[in-house]
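**Q** Got a predicted structure here, sequence first:
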Amino acid sequence: METQVEKREQWKRKREYILASAGNVVGLGNVWRFPYLCYKNGGGVFLVPYCLFAVLCGLPLFLLETVIGQYTQEGAATCWTKLCPLAQGTGYSLLVIQLYSRLYSIILAWALLYLIYCFRDPLPWTTCNNPWNTDKCVDLTSANSSAIYSSNLTSSVSEFWERGVLSMSGGIEEVGAVQWELLLCLLACWVACYFCIWKGVRSTGKVVYFTAVFPYVTLAILLVRGLTLPGAWQGVVFYLYPDFSRLADLQVWMEAGAQVLFSYGIAGGSIITLGSYNKVKNNCYKDSMWLCVLNSCTSFVAGFAVFSALGFMAHKQGIPINMVVESGPGLAFIAFPQAVAMMPLPQLWAACFFIMLILLGLDTVFTGLETITSSVIDMFPGQMRRPWRREIFLVFFCSVCFLSQIPLTAQGGVFLFQLMDYYGANGVCVLFVSLIQCVAAGWAFGAEQMCDATKSMTGQRPCLLFKLCWRYFTPLICMVCFICSCLDYQQLTSRGYVYPDWTYHLGRAIAFSSVIPVPAWAVYKICFTQGTLRQRLSVLWYPVRDPVDPKTNNELLNETEMKPAAAPFPNML
């Protein structure tokens, strides 16, 4: 007897969707990137372009992807068939971007290793008595520790990061030996990710109660503790001091736009996937509003926690605060650990910080993993929606991901990580995919019909601004930013290290691989569709079938009841 195909899952409770979505969009970038960008690009003035891009790009695209997932009840790869078959390559581009984004699990391994070291007394990055330290090491407890900023000396924190955790080689050509402690931490992270989603939304919906909520608890603890430290308010002023002249700098606007797209999780497919597990009558319009506000507010508040601690560190060492401010891993694994090490009960505050980092990253990693898994299941429902098929696929996929990331745990792994991070899911790729999404949904499917779909599901029609954004404002902004990013392309560098020439060619190929599925799929469909060129384009411009009828949640409307957008090729209809 043939095994029955299981139905597609749905969230049991709405709060599970809210928590999973909040965990997806609120990630490491909120803590280690937004505060630095705010300080770097004019302080409080940076909020002007940030809020503008959030309203005209972030929020419309977030709502669009949520509506697409909920209305089609399909994952990131297959939903485009029901909107615009010509743009189905967009789904494959989203999957490629997600595959490159799986590299961020190595950040969880770094944070987990730091967390393990947090239970030592003294903290190993506060002293120079460790096997990895050099003669140039300056102990954090030394009265002359500020000398490292004006000489060729190095801090014990930097040496712990570069020599203790990473054991960095001279460059990407020197792969070196695998760091076994780091390898075991990476394995633990992948095992955790597997069990977070192995049963689909049944397991994910339970896990997010902890992984999405607890980071806010630790952030609140760090915020209160940071603001009570001496020098904290100088750090806060430094974080938000307005420099209105920066508004004339194009780079400020570009970085604001990129931060909005990355922070909101746009063009990653996760928003579509999480929305596709909603009941069709869920009010995704209101949910999207609150999730976007939550994300931006978290970024803003995290800046107070970070800069209050950095202000304290600068005050303690008697140096300007701009000498201790960093972005990315430098903030999470050098600057902030150095700051908490100067506080009373440093083990407690360091443990809180790294638990927060691990949970913030874990949410993003396992929702991305769910995006890939659900897309494969939706592409092959007859084979994959059977007992234990999902679990078997996940074991195989997680094993492949883990094995492919072993080089990242080697001595030259950090250079490989920087290369993949810079080119794999960069702003150019995200902007391109966002542009195609707007064209497919706003023009092919039709912004008016997208508004009708939202109203049929939520009972509330989106305001006129969203319709204008989907058709005009958002694609125009994405196109301009895409062109500017291509013209202002810069080679990858890392603290004075110059990557060999072959890595730039590899990087371009990596970036190109997440863009090529869109035109490649369009050309493929045009070639294998019957009729003249205009007839083929007309057929592929419209959906093959209408999405799920919200009234019945399981029946498809007749094609005669469809309300497509204005025909792009009227002479051929």
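**A** All right, it came through fine.
**Q** Contacts for stretch 372-383, please.
**A** By Cβ atoms under 8 Å, 6 or more residues apart in numbering, the surrounding residues in contact with stretch 372-383 are 5, 8, 74-78, 91, 95, 98-99, 197, 269, 273, 276, 384-385, 389-390, 393-394, 397. Placement of C-beta: from N, CA and C, glycine included.
**Q** Using PDB, write out every CA atom in it.
**A** Only the C-alpha atoms of stretch 372-383 are listed here, as PDB (Å, rounded to 0.1, in the frame of the first residue of the first chain):
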ATOM      1  CA  ILE A 372      16.000  25.600   1.800                       C
ATOM      2  CA  THR A 373      14.300  22.500   3.200                       C
ATOM      3  CA  SER A 374      10.700  23.700   2.600                       C
ATOM      4  CA  SER A 375      11.700  24.800  -0.900                       C
ATOM      5  CA  VAL A 376      13.000  21.300  -1.800                       C
ATOM      6  CA  ILE A 377       9.900  19.700  -0.300                       C
ATOM      7  CA  ASP A 378       7.600  22.000  -2.300                       C
ATOM      8  CA  MET A 379       9.500  21.300  -5.500                       C
ATOM      9  CA  PHE A 380       9.100  17.500  -4.900                       C
ATOM     10  CA  PRO A 381       6.000  17.100  -2.800                       C
ATOM     11  CA  GLY A 382       5.100  13.600  -3.900                       C
ATOM     12  CA  GLN A 383       8.500  12.300  -2.800                       C
END
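**Q** neighbours around the closest residue to residue 302 other than its chain neighbours, how many?
**A** Nearest residue to residue 302 in three dimensions, chain neighbours excluded: residue 31, at 4.9 Å (Cβ to Cβ, 6 or more residues apart in numbering). Residue 31 has 27 neighbours, counted by other Cβ atoms under 10 Å.
**Q** Please name the residues that touch residue 31.
**A** 302, 306, 331, 332, 356, 357, 360.
**Q** hmm, back to that, show me the contacts of stretch 372-383 that map onto helices.
**A** Under the assignment DSSP state H, these contribute 91, 95, 98-99, 197, 273, 276, 384, 389-390, 393-394, 397 to helices.
**Q** Distance to residue 119, neighbour count and pLDDT for the residues you listed - can I get that in CSV?
**A** Formatted as CSV, the ones in helices among the contacts of stretch 372-383 follow (distance: Cβ to Cβ, whole Å; neighbours: other Cβ atoms under 10 Å; pLDDT from 0 to 100):
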residue, distance to residue 119, neighbour count, pLDDT
91, 44, 25, 95
95, 39, 21, 95
98, 34, 24, 94
99, 35, 17, 93
197, 29, 22, 91
273, 37, 29, 96
276, 41, 26, 96
384, 42, 18, 89
389, 41, 15, 90
390, 36, 21, 92
393, 37, 17, 95
394, 31, 22, 95
397, 33, 16, 96
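**Q** quick one: which of the residues you listed is nearest to residue 505?
**A** Set against residue 505, the nearest of the ones in helices among the contacts of stretch 372-383 by Cβ to Cβ is residue 99 (20.1 Å).
**Q** Relative to residue 524, how far out is the closest one?
**A** 20 Å (Cβ to Cβ, to the nearest Å).
**Q** cool, residue 278 as well?
**A** Where residue 524 is concerned, residue 278 sits at a distance of 31 Å (Cβ to Cβ).
**Q** Let me know the secondary structure of the residue nearest to residue 302.
**A** helix (DSSP: H, G, I helix; E, B strand; the rest coil).
**Q** Now do residue 195: how many residues are near it, please.
**A** 13.
**Q** can you check the one 4 residues further on too?
**A** Residue 199 is surrounded by 15 other residues when neighbours are defined as other Cβ under 10 Å.
**Q** oh, and call the first residue 43 from now on, that's how I've got it
**A** In the new numbering, first residue 43, that becomes residue 241.
**Q** So it: helix, strand or coil?
**A** Residue 241 ends up coil, using three-state DSSP.
**Q** Quick check: residue 394 touching residue 265?
**A** No. Residue 394 lies out of contact with residue 265 (Cβ atoms under 8 Å); the separation is 10.8 Å.
**Q** hang on, the earlier thing: just send the contacts of residue 73 back as CSV, with distance to residue 478 and neighbour count too.
**A** Shown next, in CSV, are these (distance: Cβ to Cβ, whole Å; neighbours: other Cβ atoms under 10 Å):
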residue, distance to residue 478, neighbour count
344, 31, 24
348, 35, 30
373, 33, 22
374, 33, 24
398, 35, 23
399, 33, 26
402, 29, 30
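**Q** got these as JSON lines, with secondary structure, pLDDT and distance to residue 305 columns?
**A** Output for those, formatted as JSON lines (DSSP: H, G, I helix; E, B strand; the rest coil; pLDDT from 0 to 100; distance: Cβ to Cβ, whole Å):
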{"residue": "344", "secondary structure": "helix", "pLDDT": "95", "distance to residue 305": "11"}
{"residue": "348", "secondary structure": "helix", "pLDDT": "93", "distance to residue 305": "15"}
{"residue": "373", "secondary structure": "helix", "pLDDT": "88", "distance to residue 305": "16"}
{"residue": "374", "secondary structure": "helix", "pLDDT": "91", "distance to residue 305": "16"}
{"residue": "398", "secondary structure": "helix", "pLDDT": "95", "distance to residue 305": "17"}
{"residue": "399", "secondary structure": "helix", "pLDDT": "94", "distance to residue 305": "16"}
{"residue": "402", "secondary structure": "helix", "pLDDT": "94", "distance to residue 305": "12"}
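**Q** What separates the first and last residues of stretch 283-290, distance-wise?
**A** Using Cα to Cα, to the nearest Å, the end-to-end distance of stretch 283-290 comes out at 17 Å.
**Q** mean confidence for that stretch?
**A** Mean per-residue pLDDT for stretch 283-290: 92.
**Q** do stretch 530-542 as well
**A** 82.
**Q** So for it, what gets flagged as buried?
**A** Within stretch 530-542, the residues that qualify as buried are 534, 541, counting by 16 or more other Cβ atoms under 10 Å.
**Q** For the lowest-mean-pLDDT helix or strand in the chain, what is the distance to the chain centroid?
**A** Sorted by mean pLDDT, DSSP states H and E, the helices and strands of the chain end with strand 535-536, the least confident at a mean of 78. Relative to the chain's own centre, strand 535-536 is displaced by 22 Å; criterion: Cα atoms, centre = their mean, to the nearest Å.
**Q** now the strands for the stretch 493-615 of the chain?
**A** 535-536, 539-540 (DSSP state E, counting those that start in this stretch).
**Q** want to throw those into CSV with distance to residue 511?
**A** Formatted as CSV, the strands of the stretch 493-615 of the chain follow (distance: least, Cβ to Cβ, whole Å):
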stretch, distance to residue 511
strand 535-536, 36
strand 539-540, 41
